[in-house]
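Undergrad: Predicted model, plus sequence, below.
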Amino acid sequence: MGHASHVLCMAISLDGKYLATGDRNKLIMVWDTATCKRLHIFTGHRDAVSGLSFRKGTHQLYSASHDRCVKVWNVAENAYMETLFGQQDVITGLDSLSRECCVTAAGRDGTVRLWKIPEESQLVFYGHQGSIDCIQLISEEHVVSGADDGSVALWGLAKKKPLALARQAHGMQDAQGLQQPYCILAVAALRNSDLLATGSHSASVKLWKCSEGFRKLEPLWAIPLVGFVNSLEFSAAGDFLVAGLGQEHRLGRWWRIKEAKNSICIIPLKRRATAPSSHVPDSS
């Protein structure tokens, strides 16, 4: 496998047959996972491809880009389907599940959007004060997002405002003599559960519980990690959390954490006997 440009995002179809990768050269490449051969190259985006997600159980692929639009593709038929417009800034993240819709975060646009593909319509959600840089669906009804104002928002897709908002979720930092919150670089949800994870460059990954009927974000645990936590993903079974660490922020080369290593960290998790719906790090 190979790209001429830096890969920004990837997605694997649920059946494991296809891998899609998106890069800074505006290209989406589709690969056969069994042979590692490139099957298709999708062109059409006018800027870097920043988000990819297969609709669960299908070969329908959603893509998002810094060109502010979402595109829909059929990977099995090597076909472009449609383009959705509406974001006012670069799209920084995209996610989808089984329904024929997807959610996006759009940087300094300041909105989270739910795109309804068949209706070619969108719902707009407001809550963060800064650039919204990461997003993930928890279930078909709930979504989590993070912003550079240091906040983590928990949304119900039936309401336009956050159900819960954790400000300064990773604390404060001294930046050139000014106190500023650590920006949220990555969020992850254990699908259809109450467990979330957030990452920053605050020297830790944090685990959260969606409590009180998804109306409160309750901090559970801080896991020490050095570097920019640029990506997070739970295993399907919820027995481990994967963190992608870097010396630099994934969205720009503004400064470096020299002691950090560009690496992948696997964090084992275990269930609490007293709270079967939640997970905590395995300290054994």
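TA: Now that the structure is in, tell me what you want to look at. Residues are numbered from 1 along each chain as shown.
Undergrad: Excluding chain neighbours, give the residue nearest to A79 in space.
TA: Among residues not flanking A79 along the chain, W73 sits closest, at 6.7 Å (Cβ to Cβ, 6 or more residues apart in numbering). Heads up, the C-betas are built off the backbone N, CA and C, glycines and all.
Undergrad: What distance do you get for the one you found to N230?
TA: To N230, W73 is 25 Å away according to Cβ to Cβ, to the nearest Å.
Undergrad: So those two - more neighbours on which side?
TA: W73 (24 against 19; other Cβ atoms under 10 Å).
Undergrad: Wait, that one touches S63, no?
TA: Yes - W73 lies in contact with S63 (Cβ atoms under 8 Å); the separation is 6.7 Å.
Undergrad: Common neighbours of the two, please.
TA: I28, F42 (Cβ atoms under 8 Å, 6 or more residues apart in numbering).
Undergrad: in the stretch 151-284 of the chain, which spans are strands?
TA: Along the stretch 151-284 of the chain, the stretches classed as strands by DSSP state E, counting those that start in this stretch are 152-156, 164-166, 172-175, 178-181, 186-189, 195-199, 204-211, 216-224, 228-234, 240-246, 263-272, 275-281.
Undergrad: Ok, which of the ones you listed comes nearest L137?
TA: strand 186-189 (6.9 Å; Cβ to Cβ).
Undergrad: Does anything pack onto the strand or helix carrying T83? Which helices or strands?
TA: T83 is part of strand 79-85 when elements are defined by DSSP states H and E. Applying 3 or more Cβ pairs under 8 Å, 6 or more residues apart in numbering; DSSP states H and E, one finds that strand 79-85 makes contact with strand 69-74.
Undergrad: relative to strand 79-85, how tilted is the strand it packs on?
TA: 160 degrees (axes from the mean of the first three to the mean of the last three Cα atoms, to 10 degrees).
Undergrad: average model confidence for strand 69-74?
TA: Mean pLDDT, strand 69-74: 97.
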